[in-house]
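S.K.: Give me the fold of what follows.
(2 chains)
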Amino acid sequence: MSTVDAVETTAWLEEAQRVATAVRRRVLEHTLKNNGGYLSQACSSAEILATLYLRIMKLGPSQGELVPRSFPGVPAANNPNSFTGADYNGPQAPDLDRFIFSPVHYALVLYSLLIEVGRLDTRALDHFNKDGSTMELIGAEHSPGHEVTAGSLSQAISQAAGIALARKLRGDTGRVWVFMSDGEFEEGQTWEALAAIAYHRIDNLGIYVDANGQQCDGHMDSVMNIEPLRARLLAFGADAHEVDGHDLQALAALAQRPRDGKALVVIGRTDPCRDMDLLRRRAPKLHYVRFSSEQERQEYEHALIKMSEVEKEPHDGNR
Amino acid sequence: METVNRPHANNMVRWAEKRDKVLVLSADLTSSCEAEDFRKAYPERFFSMGMAEQNMMSFAAGLAREGYYPYVHTFAVFICRRPFDQVAMSIAYPNLPVRMIGFLPGITTPGGATHQAIDDIALMRIIPNLTILECGDATEVESVLDVAQAVNGPVYVRMLRGEVPRLFDCGEPMQLGRARVLAEGRDIAILSSGICTEEVMRITAPVQARGLSLRHLHISTHKPFDDPTVSEALAAARLGVITIENHTIMGGLGSAVAELMAEAGLGKRLIRLGIKDQYAHGASRPYLMEKYGLNAAAVMHAIEQLTGETLGIQIQDIPTTVVPAPHATAKPEDL
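M.R.: Prediction:
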């Protein structure tokens, strides 16, 4: 590695960690503002998403507006105004990558990340969960950074596989990246998709999984078993790997693996309370945080102030 | 009556020849859905998706987003029941041009309740953005792809296979949202679809000969259902309206007609023929049509109910329907 590369490597790591930390802080801020939110998902996935956006995906500059657009109406033959939020991930071009966001209840995490990487305005979250906005609580294809309507979980992997196959047929060199949650591996469709991906050798597809071990009813072990996930994925013909989902370098390194007819699947083992120790008290119910008392709320307010101080930023996130 | 053997198999190959964005996806029912010839002719545009319809539907949506036209071929039950959520959320919500070609409508198969799509139109009708077409004869099988391809959005096609009668002239292809007027009259309006149209055609002449005027419309577009020809026929029918469909009477043609009549405030009688609120079972097509009242005799009985008079037509006086052998060229297990 040359000196220049080494410096560059260090630079992205620092920036990615800054982004991940800021995403957690921003999601906490809006969880407080809304008196509830998908907070543990930010804690678990911040590094994976930061690595995808800052190191792995080859994206062009955002084509979306810094202040998110209003809801244009649902797609229909008589609605020429509908759009997807994919333009926030840059233009579509044969050599550029695409991003498919599957667990769309993580929408606030993605919006926060888009702010931190400069694809959305720092005040964009003023529109979050507001009537008539595209910044919905659970994202859909019109929401910034979203390309497909994925709220019925595990449908995105199949859609991404169709997109990836189409890109292969066209001869595109760009790849398709999918971000998934581990709960989606309970759905049969995920395994149908993995079988089809292997059978049709769709190797321009890469999947990063936030394996935080949590789902709506509680810890995954108490709901259904998907383990051994890596062994299952390998048996299904994927190039599957397992890493610490908070290890930026390890996450990024796997994206460099040669493509040999198999889709890459990276299981990022993550901590749903990462950098938010207060959350541990709520375990095993971490899926959606709603404060149970004013005292609890204040504890999280204090945590937010602390996080903001550590970041040496004003509370409202303007830098 | 002329019948055509495997009109879809041949038409799909001919029609897709110069349309290089047309793909076929199949879930292990390729020859059963008459897609085998396409597979042989254009192997690079054929994708075997295995017995995995949920993935197939979302996968087709991904291909459609990229400018391809996936023609998904499987049995109607495996489009409308198992992957309903995928059809609704991956395909219909984004209004993507996926064409779902559903085989074995209603009681056209001896495969029993699991294979008989008696509820497909009802299920698809409640999905926004979807267009629903149904073939009634070989001419419609040969022209339905043109109709489907011209639609800006997803299309569900209720398809016929095997030996299919030709009821309509080759020069009169299916048209989106246009009913075929097969008999003119003002006493009773009869609206039929799919294989039931032939049953109505059998009796129109003998009934008209007894001085009763019937207006018979054949419906091939179930959604959108806004053809003025239909509204006019319903409004003009002096004694009432009869619908007949190879489908449950809940949610299909009969329901669509009931909705139109109620909204127009017509306040006249409607008899819905079709499968009542029950499942069918595996048996021959003539047996099932008789058992569930999908035949000419059932239509005559409904006419008698509306007029209050006996027609005096003997069933043996009516020319018989052409009942094709179930998929004459297929292996018996190719249900």
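S.K.: For whatever helix or strand residue B:40 lives in, which outside residues touch it?
M.R.: Using DSSP states H and E, the element containing residue B:40 is helix B:36-41. Contact with helix B:36-41 is made by B:9, B:10, B:12, B:13, B:16, B:17, B:24, B:26, B:30, B:45, B:46, as judged by Cβ atoms under 8 Å, 6 or more residues apart in numbering or on different chains. Quick note: C-beta positions are derived from backbone N, CA and C, even for glycine.
S.K.: now it, how far from the chain's geometric center?
M.R.: Mean-position distance between helix B:36-41 and its chain equals 24 Å (Cα atoms, centre = their mean, to the nearest Å).
S.K.: Also stretch A:209-223?
M.R.: 16 Å.
S.K.: who in chain A is up against chain B?
M.R.: A:74-77, A:82, A:141, A:148-149, A:151-152, A:155-167, A:169-170, A:188-189, A:192-193, A:195-196, A:199-200 (Cβ under 8 Å from any Cβ of the partner chain).
S.K.: Whichever of the residues you listed end up buried, select them in PyMOL.
M.R.: To isolate the buried members of the residues of chain A next to chain B in PyMOL, using 16 or more other Cβ atoms under 10 Å in any protein chain shown:
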select buried, chain A and resi 74+75+76+141+148+149+151+152+155+156+157+158+159+160+161+162+163+164+165+166+167+169+189+192+193+195+196+200
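S.K.: Please, where are all the helices along the stretch 101-250 of chain A?
M.R.: Along the stretch 101-250 of chain A, counting by DSSP state H, counting those that start in this stretch, helices occupy A:107-116, A:155-170, A:188-199, A:229-235, A:248-254.
S.K.: rewinding a little: can you list the buried residues in the helix holding residue B:40?
M.R.: Neighbour counts using 16+ other Cβ under 10 Å place B:36, B:37, B:38, B:39 of helix B:36-41 among the buried residues.
S.K.: Can you tell me how far the last one is from residue B:7?
M.R.: In this view, residue B:39 and residue B:7 are 17 Å apart by Cβ to Cβ, to the nearest Å.
S.K.: Same question for the third one.
M.R.: Counting by Cβ to Cβ, the separation of residue B:38 from residue B:7 is 14 Å.
S.K.: The second one too?
M.R.: Distance check for residue B:37 against residue B:7: by Cβ to Cβ, it reads 12 Å.
S.K.: can you check the first one too?
M.R.: Counting by Cβ to Cβ, the gap between residue B:36 and residue B:7 amounts to 14 Å.
S.K.: Spatially nearest residue to the residue in the stretch 201-335 of chain B that chain A sits nearest to, not counting backbone neighbours?
M.R.: Residue nearest to chain A within the stretch 201-335 of chain B (Cβ to the nearest Cβ): residue B:224, separated by 10.2 Å. Nearest residue to residue B:224 in three dimensions, chain neighbours excluded: residue B:177, at 5.8 Å (Cβ to Cβ, 6 or more residues apart in numbering or on different chains).
S.K.: List the contacts of the one you found.
M.R.: Neighbouring residues of residue B:177 by Cβ under 8 Å, 6+ apart: B:221, B:224, B:226, B:227.
S.K.: between these, which has the most around it?
M.R.: Comparing the contacts of residue B:177 by number of neighbours (other Cβ atoms under 10 Å in any protein chain shown), residue B:221 comes first, having 21 neighbours.
S.K.: pLDDT wise, what is residue B:320 at?
M.R.: At residue B:320, the pLDDT value in this model is 73.
S.K.: do the same with residue A:3
M.R.: 56.
S.K.: Not counting sequence-adjacent ones, nearest residue to the closest residue to chain A within the stretch 1-150 of chain B?
M.R.: The nearest approach of the stretch 1-150 of chain B to chain A comes at residue B:62, 2.1 Å away (Cβ to the nearest Cβ). Nearest residue to residue B:62 in three dimensions, chain neighbours excluded: residue A:162, at 2.1 Å (Cβ to Cβ, 6+ apart).
S.K.: The one you found against residue B:58, yeah?
M.R.: Yes - using Cβ atoms under 8 Å, residue A:162 is in contact with residue B:58, at 7.0 Å.
S.K.: which element is residue B:8 on?
M.R.: If you go by DSSP H and E, residue B:8 is part of helix B:7-16.
S.K.: List the neighbours of that helix that are in contact with it.
M.R.: Contacts of helix B:7-16 (Cβ under 8 Å, 6+ apart): B:22, B:24, B:34-38, B:41-42, B:45, B:71, B:101, B:138, B:141-142, B:145-146, B:159-161, B:164.
S.K.: Mind doing that once more with 7 Å?
M.R.: By Cβ atoms under 7 Å, 6 or more residues apart in numbering or on different chains, the residues outside helix B:7-16 that reach it are B:22, B:34-35, B:37-38, B:41-42, B:138, B:141-142, B:145, B:159, B:161, B:164.
S.K.: Output the contacting helices and strands for the next helix or strand after that helix.
M.R.: The helix or strand immediately downstream of helix B:7-16 is strand B:22-26, counting by DSSP H and E. Judged by 3 or more Cβ pairs under 7 Å, 6 or more residues apart in numbering or on different chains; DSSP states H and E, the packing partners of strand B:22-26 are strand B:46-48, helix B:53-65, strand B:69-75.
S.K.: Of all these, which one is nearest residue A:120?
M.R.: Across the helices and strands packed on strand B:22-26, residue A:120 has its closest neighbour in helix B:53-65 (23.3 Å, Cβ to Cβ).
S.K.: Run the angle between the closest one and strand B:69-75 for me.
M.R.: Our comparison of helix B:53-65 with strand B:69-75, counting by axes from the mean of the first three to the mean of the last three Cα atoms, to 10 degrees, yields an angle of 160 degrees.
S.K.: No further queries at this time; thank you.
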